[in-house]
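A.B. asks: sharing a sequence plus its predicted fold:
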Amino acid sequence: MSRLVRSTPKADGYRMPAEFEPHRQTWMLWPYRSDLWRNGGKPVQRTFVELAALISQFEPVTVGASQNQFATARSKLPEHIRVVEMSYNDVWVRDHGPTFVVNDNGDVRGVDWGFNAWGGLNGGLYFPWDLDDLVPQKILAIENIDRYKPENFILEGGSIHVDGQGTLLTTEECLLNPNRNPHLNKVQIENMLREYVSVEKIIWLKKGNYEDCTDGHVDILAAFIRPGVVVLHWTDDKNDPQHEISADAYERLMHATDACGRKLEVHKIHSPAVSYVTEKEANGIDVIEGSLPLTEGLRLDQSYINFYMANGCAVVPTFNDPWDNKALDKLATLMPERKVFGINGREVVIPGGIFHCITQQQPIGISQSAPACKGE
Amino acid sequence: MSRTFNSTPLKDGFRMPGEFEPHKGCWMLWPERMDTWRNGGKPAQLAFVAVARAISAFEPVTVGVNASQYDNARTLLPEHVRVVEISQNDAWMRDMGPTFVVNDKGDVRGVDWDFNAYGGFKGGLYFPWDQDRKIRRKVMEIENIDRYRAPLILEGGSIHVDGEGTLLTTEQCLLNANRNPHLSKEEIEEYLIQYLNIEKIIWFPRGIILDETDGHVDDLVCFARPGEVMLTWTDDETDPQHAISKEALEILENSTDAKGRKFKIHKLHQPGPMFMTLEESQGIDYDEDAEPRNEGDRLAGSYVNFYIANGGVVVPLFDDPYDRPAMDLITKVFPDRKVVGVPGREILLGGGCVHCITQQQPRSAHP
C-alpha cells in the first residue's frame, strides 16, 4: 500500500539521498512515440536495451512499458529485467518520476511533484502530459512506498541535483521560469525545495546548456560525483554560446560553499563537438502540432555530464567524438570507486535528453544516520 | 525479475495450494466494459470496492485497472488497497490471473495458461481478449514471480484443488470443444497433473444451470478444507438445478479424494432463482460480439462462489431469504474464520461473483 502523507519530508525526518548513495533499483520507461523518436522508436529502443542491460549488471532494473509496447519491451529486454505495464506520454522518468527520500530508520518515501511537460502550454515540449503526471503514483503503488504530494508545485527531477548532505544545485533559467511556478517567488521556491528534499543550501546556477529544450535542466550541465565534488560541462571554444554559460556556472560554483561549509572542487568535462539533427534523422520523426519540432539542423544538447550512477558504476553517453575517451578517462579517474562505461547516446539525445534523463534511482532504505559533513 | 521455465511444476516439486492455505494477498481487476456491466460499470465498481474492502481486512489487496480508469479506481478504492495499471478486456481475475504454485521451501511460482474469453469464437463471451492473455504475466512481473507457460486454455474458475492432490472440475467446461478440442480427456488430465501437481481428478458432468462460462466448477462446489466440500443445492425438484446438484452429490458420495478419504459434504441452498430485470438489461450496451444480456435471463447465482481469505470468508449476498441460512452454514463450516457478506447482485449481472473476481497469491517464505 502507498499512503498519501499529508506532511513534508523535512517535517518527517526524510531527505533526498544523492545518486551515489546505494540504490534498490533503477526505473526506466520504454520509448515509442514517433513524433519524438525516429523510425518508430526502433533505433532508440536498442540503446535503451543496451543501457538497461548494463545497469542491470549492477542493480535491479524495472522498465515500465505502455500497453501497446509491453510484449515488444518484454521480448527485447533481458529476462532478469522486470517489465511492468505503465502508461506515460513519454519516457523521461528522471523528470516525471518520483523523487525518493529516505530517513535514518531505513524507510523510503517518494515525492510526487506536479509535472507540465517542461513548461505546459507556455513553451512545453508536448501536449497532453496527463499520463506522465500519474507515473510517480503508479511507481510508488507498485513498490508500496508512501507518497508526498506538494500542492501546486511543478518540478522535474532533472532540474535538481543533491549531494545528500544538504546541498542542492539548480538553475534559475528552469526553476524561476514563468512556465513552471509563476505564482511563487525565488524564496518561496527555495522553501519548497527545503521542505520536500530537505536541503539547507541551494546553489543557483544561472542558465542551463545552450538551447536546452527543458529550459536549462542542471543535470546536463553540472553534477555531484560525491559531496564537495562537482563535474561541469565545458567548452574551450569561446565562439560557442555554451562557453559563456559554462564559464558563468564555473564562477558561481568556485565561489560557492556547500551546506557543510566546504568550497567545491569543480572538474571541467569538455563537450563533444557541436552536432545537429541530420536530414535523415529528421525525416524519421513525425511532425505533430503541439510537439517540439525536431527538424534538420537543430542543435543537439550533447554532454557527458548527463551520465547515470548506479551501484558501483557510471554510464556515460558517448557521441563517436574524439572527446569521448578523454571524458571517460577523466570521469574514471574522478570516480575510482566506480566502473565507468560509455554507451552511444546519439539516438537518445535527439529529442533532448540523455541517460540521466531516462533513469531514476530508487534508494535502498538503510538504517543509519544521515551522512554527516566530513571536515576538510 | 520473472523467469519463464520450460519445465512443469510437477517436475520441479511445486503444487497448487488450496485456497484455504495462507495468502500473501489477493488480486482483483476493475469492471469497466459497458457491454458486461450496466450503467457504465458504476454499480459494479462499487460492488468491487466492497469486495476489495472486505478482503483487505484479512490480507493485502491489489487491484489492476486500465489506464483510463486509474484515477477513478484509485479514488473509489480505500487507500490501503494497492492500485496498479494492468490492461484488461474484462475483470475476472480468477479466470485470467495466474494460478500460483508453491514448493516445500516456500517458493512461489505462477502458471500462465492460455485464455480465449470462455470459448473464443465458439460461444466465447467477448472479443478481443488480447489484453486478458497478458494479465498473468504482468502480475508475475510486478511480483517478481517465475512463470510456467502452460499450453492449455484454462480459466482458474474451472478448477478447485484441496492442496493435497485432489482436483474438482467439470466436463462441460474442460472438455468443451471451444477450449482445447485438439486434446483428449486423458491429455487434459495429464496437463492438470503436470501443471498443478495433483493425483486425482473428480469430474462433474455439468456446472450450474445457465452458467455462461460453460459450467465453471467454482459456482457448483468448492473445498472448505481437505476432505470437506460445499455444494450448491436446491430443494426445488422442478428447478433444473436440482438434477445438476443431485448428480454432483452422487458423484461426491461415491468418490474418495487423492488421500483415499470420503468427502464430508455440505449442501448450501442456492438463492432465487434470480432473473435480470428490464431496467438492468437496459443499462447494458449491445455488442454483436458479446454475450447478450436480456430481461428475464436467469442469473447463475450461487453462494459457493465465496472467497476464502486469511482468517476470513467473503460471501456474496443477494437480498434473498436464503442469505441468512447460507451465512449460518458457512460460519459453521469455517469456525476459525470471520464470515463477511457483500452485495453480490451487481457482480452476478456480469456473469460471475466474488470468487470469479479474485485470485489468491499464496504466501512465500521470502518477503
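C.D. replies: Thanks, I have it.
A.B. asks: can you find the helix or strand of chain B with the lowest average pLDDT?
C.D. replies: The least trusted helix or strand in chain B, going by mean pLDDT, DSSP states H and E, turns out to be helix B:278-282, with a mean of 94.
A.B. asks: in that helix, what's buried?
C.D. replies: Residues of helix B:278-282 classed as buried by neighbour count (16 or more other CB atoms under 10 Å in any protein chain shown): B:280-281. C-betas here are computed from N, CA, C, even on glycine.
A.B. asks: near chain B, which residues of chain A are found?
C.D. replies: A:1-4, A:60, A:67, A:70-71, A:74, A:79-87, A:131, A:134, A:137-138, A:141-142, A:144 (CB under 8 Å from any CB of the partner chain).
A.B. asks: how about 10 Å then?
C.D. replies: A:1-4, A:56, A:60-68, A:70-71, A:74, A:78-88, A:130-131, A:134, A:137-144 (CB under 10 Å from any CB of the partner chain).
A.B. asks: out of the residues you listed, which end up buried?
C.D. replies: For those, a burial check counting by 16+ other CB under 10 Å picks out A:1-2, A:56, A:60-67, A:70, A:74, A:81-88, A:131, A:134, A:137-143.
A.B. asks: in helices only, show me those residues.
C.D. replies: Members of those lying in helices (criterion: DSSP state H): A:70, A:74, A:137-142.
A.B. asks: could you dump these into a markdown table with pLDDT and distance to B:G110 added?
C.D. replies: A markdown table is the format used below for these (pLDDT from 0 to 100; distance: CB to CB, whole Å):
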| residue | pLDDT | distance to B:G110 |
| --- | --- | --- |
| A:F70 | 97 | 17 |
| A:R74 | 97 | 15 |
| A:Q137 | 97 | 26 |
| A:K138 | 98 | 22 |
| A:I139 | 98 | 22 |
| A:L140 | 98 | 24 |
| A:A141 | 97 | 20 |
| A:I142 | 98 | 17 |
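A.B. asks: residues in contact with the least confident helix or strand of chain B?
C.D. replies: With contact meaning CB atoms under 10 Å, 6 or more residues apart in numbering or on different chains, helix B:278-282 is reached by B:38-39, B:43, B:275, B:292-297, B:299, B:345-346, B:349.
A.B. asks: right, and A:L300 touches A:Y276 too?
C.D. replies: Yes: using CB atoms under 10 Å, A:L300 makes contact with A:Y276 at a distance of 6.4 Å.
A.B. asks: OK, now which residue of chain A is nearest to chain B?
C.D. replies: Ranked by CB to the nearest CB, the top residue of chain A for proximity to chain B is A:S87, at 3.9 Å.
A.B. asks: in the stretch 151-300 of chain B, what residue is nearest chain A?
C.D. replies: For the stretch 151-300 of chain B, CB to the nearest CB, closest residue to chain A: B:P151, 17.9 Å.
A.B. asks: assumed that residue was part of a helix.
C.D. replies: No: checked against DSSP: H, G, I helix; E, B strand; the rest coil, B:P151 lies outside a helix; its state is strand.
A.B. asks: quick one, what contacts it?
C.D. replies: Taking CB under 10 Å, 6+ apart, one finds B:113-114, B:180, B:183, B:191, B:195 in contact with B:P151.
A.B. asks: tell me which element A:G110 falls in.
C.D. replies: Following DSSP states H and E, one finds A:G110 within strand A:108-111.
A.B. asks: so which bits of the stretch 51-200 of chain B are right by chain A?
C.D. replies: Near chain A, when you scan the stretch 51-200 of chain B using CB under 10 Å from any CB, you find B:56, B:60-64, B:66-68, B:70-71, B:74, B:78-88, B:130-131, B:133-135, B:137-144, B:146-147.
A.B. asks: buried among the residues you listed? Make that a PyMOL selection.
C.D. replies: A single PyMOL command selects the buried members of these (16+ other CB under 10 Å):
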select buried, chain B and resi 56+60+61+62+63+64+66+67+70+74+81+82+83+84+85+86+87+88+131+133+134+135+137+138+139+140+141+142+143+146+147
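A.B. asks: out of the residues of the stretch 51-200 of chain B next to chain A, which are inside helices?
C.D. replies: Checking these against DSSP H, those in helices are B:56, B:70-71, B:74, B:133-135, B:137-143.
A.B. asks: is it possible to export those residues to a markdown table including pLDDT and distance to A:N239?
C.D. replies: Formatted as a markdown table, those follow (pLDDT from 0 to 100; distance: CB to CB, whole Å):
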| residue | pLDDT | distance to A:N239 |
| --- | --- | --- |
| B:S56 | 98 | 64 |
| B:Y70 | 97 | 50 |
| B:D71 | 96 | 51 |
| B:R74 | 97 | 53 |
| B:R133 | 97 | 58 |
| B:K134 | 97 | 54 |
| B:I135 | 98 | 58 |
| B:R137 | 97 | 55 |
| B:K138 | 98 | 53 |
| B:V139 | 98 | 57 |
| B:M140 | 98 | 56 |
| B:E141 | 98 | 51 |
| B:I142 | 98 | 52 |
| B:E143 | 97 | 56 |
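A.B. asks: which pair of those residues spans the longest distance?
C.D. replies: Spatial extent of these (CB to CB) is set by the pair B:S56 and B:R133 at 27.5 Å.
A.B. asks: find the closest residue to chain A in chain B.
C.D. replies: When scored by CB to the nearest CB, chain B has B:A67 as its residue closest to chain A, at 3.9 Å.
A.B. asks: so that residue sits right up against A:N89, yeah?
C.D. replies: No: with contacts counted by CB under 10 Å, B:A67 stays clear of A:N89, the gap being 11.3 Å.
A.B. asks: any low-confidence regions in the chain?
C.D. replies: All of this is about chain A. Applying pLDDT under 70 to chain A picks out residues A:374-376.
A.B. asks: sorry, I should have been clearer: chain B.
C.D. replies: In chain B (pLDDT under 70), the answer is B:367.
A.B. asks: how about a cut-off of 50?
C.D. replies: Low-confidence regions of chain B, defined here as pLDDT under 50, do not occur.
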